[in-house]
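Participant: Provided below are the primary sequence and the corresponding predicted coordinates.
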Amino acid sequence: MTVEEAQEVLLIEEQGLAAVRQRIGAEFIRAVDLIQACPSRLIITGIGKSGIIGQKISATLNSTGTPSFFLHPVEAMHGDLGMVQQTDVVIAISYSGETTELNSLLGNLRRRCSSVIAMTGRSDSTLGMAADVVLDISVPKEACSLGLAPTTSTTASLALGDALAVVLMNRNNFQAADFRSNHPAGSLGDRLKVRVNEVMLTGSQIPLVSTEATINEAVKELNDKNLGVVVVVGAQECVEGIVTDGDVRRYVASGVDLEATRAKELMTQNPVTISDDKQAVDALSVMQSHEITVLPVVDEDKKMLGILHLHDLLGKGEFRFLL
């Protein structure tokens, strides 16, 4: 039963997230507009499990270019309220919207800050009625078998906080270099300081075929090197184009003769490249702006020197854990 119980918990939480996703609309846009226009700080407040979620949301916002801090409701009523400025925007988190400690703070917050955004499961609650914007985090049910411990509802709060952070990051054109400046001591920050030639794959690790190679040969190279692309080179190993696994799948679906077709007929010409003296952070910015995960490294004559995969820059999974 253990596995089935665990799967049921995840299913319930998935259903909760789906419900929140379907409701994202005008109120979410209003919240983003208020936060983006805020000339000072975004303040997150909540208590108990909602407070813990609020601290994580604040940390993510700070990492991704939206200045914020967490304000504990009880500490606020004992002096920390002095940190709140008239130009600040507040996000108050309470699933019930009736948390005594938080609602006791509401009147003071409204007099001190410019706007209050409620993240609650009840828009008709005290918190919901007092807010300028309500982000609805109501879920069909908690994953807790007793229906008591905050589970699905806290997952929904956290996910909606992530959605705010990422949308604001995109709106503000927050780049990898900005992320690195916010993480000078992190492993990602260290990795992005190095030059491309220190982290690129070289020699036999590069998925490479000539312009005259067949598609079958390109597929073999794709499978052998497992990077999702094959670089097509011409004379003196100068980069002529690139073939992705997606290109091959689409081509195969068309029913053509893979042995009779040359790589040069399928390749995307003049692919995006980078020189080996650039920093890794520059390569990451190029990948981000072009929405690609693999980047050929070339010299000034476009001769192939190496290749970079996103994992070589970020490390598998480490980027998301730093957020």
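Facilitator: On my side now, so go ahead.
Participant: Tell me which stretches of the protein form strands.
Facilitator: Secondary structure of the chain (DSSP state E): strands located at 42-45, 68-71, 89-93, 115-120, 133-136, 208-210, 229-233, 239-244, 268-269, 274-275, 294-298, 304-309.
Participant: mean confidence for the first one?
Facilitator: Averaged over strand 42-45, pLDDT sits at 94.
Participant: Mind listing the strands that strand pairs with, and their directions?
Facilitator: strand 68-71 (parallel), strand 89-93 (parallel) (DSSP bridges).
Participant: coming back round to it: so which of the strands of the chain is nearest residue 26?
Facilitator: The minimum distance between residue 26 and the strands of the chain falls on strand 133-136, with 9.5 Å, by CB to CB. Backbone N, C-alpha and C define where each C-beta goes, glycine included.
Participant: How about residue 84: what's its closest non-neighbour residue?
Facilitator: Nearest residue to residue 84, sequence neighbours excluded (CB to CB, 6 or more residues apart in numbering): residue 112, at 4.5 Å.
Participant: Now do the same for residue 303: its pLDDT.
Facilitator: Reported pLDDT for residue 303: 92.
Participant: wait, isn't it in contact with residue 234?
Facilitator: No - using CB atoms under 8 Å, residue 303 is not in contact with residue 234; the gap is 10.3 Å.
Participant: State the distance from residue 161 to residue 150.
Facilitator: Per CB to CB, to the nearest Å, residue 161 is found 15 Å from residue 150.
Participant: So which of these two has more stuff around it?
Facilitator: residue 161 (24 against 19; other CB atoms under 10 Å).
Participant: List the contacts of that one.
Facilitator: Residue 161 sits next to 53, 54, 56, 57, 60, 61, 119 when contact means CB atoms under 8 Å, 6 or more residues apart in numbering.
Participant: between those residues, which is closest to residue 279?
Facilitator: Using CB to CB, the contacts of residue 161 come closest to residue 279 at residue 60, 25.0 Å.
Participant: Neighbours of the residue nearest to the closest one when sequence neighbours are not counted, how many?
Facilitator: Excluding the flanking residues, the one nearest residue 60 by CB to CB, 6+ apart is residue 165, at 4.6 Å. By other CB under 10 Å, the residues close to residue 165 number 24.
Participant: doesn't residue 57 make contact with residue 165?
Facilitator: Yes - here residue 165 reaches residue 57: they are 7.2 Å apart, a contact under CB under 8 Å.
Participant: since we're on residue 25, how many residues are nearby?
Facilitator: Neighbours of residue 25 under the rule other CB under 10 Å: 9.
Participant: distance of it from residue 207?
Facilitator: 44 Å.
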